[in-house]
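K.L.:
Need a 3D model of the following:
(chains A and B)
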Amino acid sequence: MKTQYLKKLDKALLILKTEERAKYLEEFAGSIADRIENGMAEEQAVLECGDSSVVAKAILDSYGELEGKNRQMISRYISGMYILGDLISMLISYIVAAILWFLLYRVGDNGIFLNLGMSIPVILIYLASCFIFRIYTISHAKQRMEQVVRIIVANLFGFTVINLILYFTNIFFFARIILYVFTGLNMLFMVVRYLWGSRKFMV
Amino acid sequence: MDAQLRKGLLEFCVLAALEQKDSYGYQIIKDVSAYVEISESTLYPILRRMEDAGNVTSYAMEYNNRLRKYFHLSDKGKEYLEAFRIEKDKIIRILNFIDGKGNI
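P.N.:
Numbers count the residues shown, from 1 in each chain, chains lettered A, B, ... in the order given. The predicted model follows:
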């Protein structure tokens, strides 16, 4: 009961910074524990703390008296940051892909296996940059289908831009193979990770 | 009581509760709710703001095999509370005026 309550509260406060959220969760956990130690049943203790959605609303409203408008602005800002983070992550990984490909192409090795092997570090770089921008942490990704949509959109965007650049530098053919492979693996990897994360951490 | 007025007063109630001794969330609620309605969802954001402003500090202390978070009124917080007390007379005069008992 207590765990479920805290999980719901955690989810409802997702808009807050991780550290900030952790503080509230710690405090509410403490309040519930104190009530239980005072002889209250766990169910009653949780009930007295208030409905998690009402509590979350009150907490969020308290941030600079975030009534409606301001909260929407913050919401939009965070969404904007996710998209920006997506694009930056894509850009970093595709630039690395292009550099790696160019180096390999110059030494004369342009076989498909090398191209496939090359996509592995690139995917790792992509995931690392996503993590740095805190887009795909489990708590953000769980039960959020739009994250998958964003991944696909960002991949397609990056794919198009890099292909265009490589097309105009007359190295389109090999770039196309690499980027098809990279984009396919990348998307598959992220979707699998999302599905795995949703199942494992589903509240 | 009007929500805005209550919110303003709650801040000082919490500080006053901490002036007596360092305390933790549930105890503060018990102490303050004898005078004004307060819940965790109101208290913790107040404490957070107070902590950010430097009026309150927090520390963890072991209790019953778990860490309980205690809040402490800082010197800055004491000054802040004292400043409110100095203003108290003005507030009472305003309340009297609203009550039709005199002029400002």
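
K.L.:
for the helix or strand where residue B:6 lies, packing partners?
P.N.:
Here residue B:6, judged by DSSP states H and E, is contained in helix B:3-20. Contacts defined by 3 or more C-beta pairs under 8 Å, 6 or more residues apart in numbering or on different chains; DSSP states H and E place helix B:3-20 against helix B:25-32, helix B:40-53, strand B:66-73, helix B:75-98. Heads up, the C-betas are built off the backbone N, CA and C, glycines and all.

K.L.:
And that helix, what's buried?
P.N.:
B:9-11, B:13-18 (16 or more other C-beta atoms under 10 Å in any protein chain shown).

K.L.:
where are the low-confidence patches of chain B?
P.N.:
B:1, B:102-104 (pLDDT under 70).

K.L.:
so how far is chain B from residue A:93?
P.N.:
37 Å (C-beta to the nearest C-beta, to the nearest Å).

K.L.:
mind listing what the residue nearest the centre of chain B touches?
P.N.:
Nearest to the mean C-alpha position of chain B, counting by C-alpha atoms, centre = their mean, stands residue B:14 at 2.0 Å. The neighbours of residue B:14, taking C-beta atoms under 8 Å, 6 or more residues apart in numbering or on different chains as the test, are B:28, B:32, B:38, B:43, B:46-47, B:50.

K.L.:
could you redo the last one with a cut-off of 6 Å?
P.N.:
residue B:46 (C-beta atoms under 6 Å, 6 or more residues apart in numbering or on different chains).

K.L.:
okay, the buried residues of helix B:3-20 in JSON lines with distance to residue B:89 next?
P.N.:
Output for these, formatted as JSON lines (distance: C-beta to C-beta, whole Å):
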{"residue": "B:9", "distance to residue B:89": "16"}
{"residue": "B:10", "distance to residue B:89": "21"}
{"residue": "B:11", "distance to residue B:89": "19"}
{"residue": "B:13", "distance to residue B:89": "18"}
{"residue": "B:14", "distance to residue B:89": "22"}
{"residue": "B:15", "distance to residue B:89": "18"}
{"residue": "B:16", "distance to residue B:89": "17"}
{"residue": "B:17", "distance to residue B:89": "22"}
{"residue": "B:18", "distance to residue B:89": "23"}
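
K.L.:
tilt between the helix holding residue B:6 and helix B:40-53?
P.N.:
70 degrees (axes from the mean of the first three to the mean of the last three C-alpha atoms, to 10 degrees).

K.L.:
helix or strand for residue B:38, which one?
P.N.:
Going by DSSP H and E, residue B:38 is not in any helix or strand.

K.L.:
nope, residue A:99 is what I meant
P.N.:
In this structure, residue A:99 sits in helix A:69-106 according to DSSP H and E.
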